[in-house]
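Trainee: Return a 3D structure for these sequence lines:
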Amino acid sequence: MKLFQRYAFRQALLPFLTTLAALTGLAILTQSLSNLNLVADRGETLLVFLWVTVLAVPQIVALLLPIAVFIACAVALNRMMSESELTVAAAAGLSRRERLSPFLRVAVYATLINLAVNLFVQPTAYREMREAIYEVRTDIAASVMRPGEFVSMGADVTFYARALGDGGTMTDVFIEDGRGQSSTAYSARHGQIIRAGRGPVMQLRDGVVSQIDESGTLSSLTFDSYEFDLTAFIDPTDAFFFKESDRYLPELFNPSPGDVARARGRANLLSEGHYRLSAPLYNLAFAMIALAAFMSGPPRRTGYARAVALAGACALLVRLIGFAVQAGTASSPELNWLQYGIPLAGIAGAYIVIHRPARFAARRLSPHAAGSA
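Mentor: Predicted coordinates for the structure are as follows:
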């Protein structure tokens, strides 16, 4: 790599890292606001809140990488154009390809990072996040462990514990279950919520179960240990399963019948799989569009604000079309090739814009050259 190319690469790399860090921080702040209910409503610790927020970062980074590439190329090119550094490099004999290669190298690195995140990091992080959220949403203990208070668990069940000890052990537990035709009361010296194979249960020890039957007769039975089933108090929508965004690429292209049923069709899985492979191409597309704003003609003394604004609008349009195509492939899998075609069309269009003006200039000069000869 020549000295100028190393210099230009550093000029683009620093804005890229700075922009990516700033946008990621802003996105994390926005994401964290939606996770505040984990602390406010569920009574979870700040550590759980931070862990769930951090696990969402890989997908955020994957979405922001093309934007960071575009901004980095635009900032670096604008500064180097304003200080005539690219003009001097051209006068020194560097070809157009050599002048553009440092910026494309940043885009290629971003593409590889994006691909690695999409294929490996995001599924791993999202699986961890899905398990953490499931644990929070099905944490019955967080909603009933209020020492000295009567807590309603559903419409007909009331829970009470006098004190809460180490390890979640409750003392002097009382449960009134009014479901069904008869009312049942459970009182125990100790109780603890545990996760059994069928779901969460409250394990009561050293207690009495009392029941009034339909005839009004009271019957009591002592027990050493009893398990009170709590699965009825879990929202059925909180059932644990991996979504399309949580699956690795082989699981998306070769799903099991159960995965197809949960995804409501194979088309959704294929759409996600092709998106994982095609989305990194937008890094190259955005870089080429940014380069087209500065390299499509002679240097402009009036600046490049209008050209950059037009390039940004084109990049945004290309990305929005890509999102629309991705949504359409969920119902029309035969259109999945368009997920690759849209960014490739952006790359090809920017390439034409960059190189066609030179060809037009050559054609315009050729008649004059012939006449003078």
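Trainee: How many residues are close by V117?
Mentor: Neighbours of V117 under the rule other CB atoms under 10 Å: 23. (Each C-beta comes from the backbone N, C-alpha and C, glycine too.)
Trainee: got the contact list for the residue nearest to the spatial centre of the chain?
Mentor: With distances taken as CA atoms, centre = their mean, Q59 lies nearest the centre of the chain, 3.1 Å away. Residues in contact with Q59, defined by CB atoms under 8 Å, 6 or more residues apart in numbering, are 117, 122, 125-126, 245.
Trainee: separation between it and L281?
Mentor: Distance of Q59 to L281, given as CB to CB, to the nearest Å: 17 Å.
Trainee: just V173 next, same as before
Mentor: Counting by CB to CB, the gap from V173 to L281 is 59 Å.
Trainee: re the thing from before, if we only consider the contacts of Q59, which is nearest to R319?
Mentor: Taking CB to CB as the measure, R319 sits nearest to V117 out of these, at 17.1 Å.
Trainee: pretty sure the closest one is touching P58, no?
Mentor: Yes - using CB atoms under 8 Å, V117 is in contact with P58, at 5.1 Å.
Trainee: re earlier: next step: the contacts of Q59 restricted to strands.
Mentor: Judged by DSSP state E, strands contain none of these.
Trainee: quick check, nearest of these to I212?
Mentor: So of the contacts of Q59, ranked by how close each gets to I212 (CB to CB), first place is Y126, at 49.2 Å.
Trainee: just so I have it, where are all the strands in the protein?
Mentor: 150-152, 157-164, 170-177, 183-196, 199-212, 218-229.
Trainee: Let me know which of the ones you listed is tucked in deepest.
Mentor: strand 170-177 (a mean of 19; mean count of other CB atoms under 10 Å).
Trainee: packing partners for that one?
Mentor: Contacts defined by 3 or more CB pairs under 8 Å, 6 or more residues apart in numbering; DSSP states H and E place strand 170-177 against strand 157-164, strand 183-196, strand 199-212.
Trainee: between the last one and strand 183-196, how big is the angle?
Mentor: Spelled out, it's strand 199-212. Using axes from the mean of the first three to the mean of the last three CA atoms, to 10 degrees, the direction of strand 199-212 lies 160 degrees away from that of strand 183-196.
Trainee: quick one, strand 199-212 and strand 218-229 angle?
Mentor: In terms of direction (the same axes, to 10 degrees), strand 199-212 departs from strand 218-229 by 170 degrees.
Trainee: Report the inter-axis angle for strand 199-212 versus strand 157-164.
Mentor: Using the same axes, to 10 degrees: strand 199-212 against strand 157-164 is 110 degrees.
Trainee: strand partners of strand 199-212, parallel vs antiparallel please.
Mentor: Applying DSSP bridges, strand 199-212 is found paired with strand 183-196 (antiparallel), strand 218-229 (antiparallel).
Trainee: Next, give phi and psi for R301.
Mentor: phi -70, psi -20 (degrees, to the nearest 10).
Trainee: Convert the C-alpha atoms of stretch 284-294 to PDB, please.
Mentor: Extracted C-alpha coordinates of stretch 284-294, given in PDB (Å, rounded to 0.1, in the frame of the first residue of the first chain):
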ATOM      1  CA  LEU A 284     -20.100  -1.500  -0.500                       C
ATOM      2  CA  ALA A 285     -23.200   0.200  -2.000                       C
ATOM      3  CA  PHE A 286     -23.100   3.100   0.400                       C
ATOM      4  CA  ALA A 287     -19.400   3.600   0.000                       C
ATOM      5  CA  MET A 288     -19.700   3.600  -3.800                       C
ATOM      6  CA  ILE A 289     -22.600   6.100  -3.600                       C
ATOM      7  CA  ALA A 290     -20.500   8.400  -1.400                       C
ATOM      8  CA  LEU A 291     -17.600   8.100  -3.800                       C
ATOM      9  CA  ALA A 292     -19.900   9.000  -6.700                       C
ATOM     10  CA  ALA A 293     -20.800  12.300  -5.100                       C
ATOM     11  CA  PHE A 294     -17.100  13.400  -5.200                       C
END
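Trainee: what's the neighbour count on the residue lying closest to R130 once chain neighbours are set aside?
Mentor: Spatially, and ignoring its direct neighbours in sequence, R130 is nearest to D246 (5.7 Å; CB to CB, 6 or more residues apart in numbering). If you count neighbours by other CB under 10 Å, D246 ends up with 19.
Trainee: Enumerate every residue touching D246.
Mentor: D246 neighbours (CB under 8 Å, 6+ apart): 123, 126-127, 130.
Trainee: Mind giving me the ChimeraX command for buried ones among these?
Mentor: Buried members of the contacts of D246 can be picked out in ChimeraX with the line below, counting by 16 or more other CB atoms under 10 Å:
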select :123,126,127,130
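Trainee: List just the nearest of the contacts of D246 to P343.
Mentor: P123 (21.7 Å).
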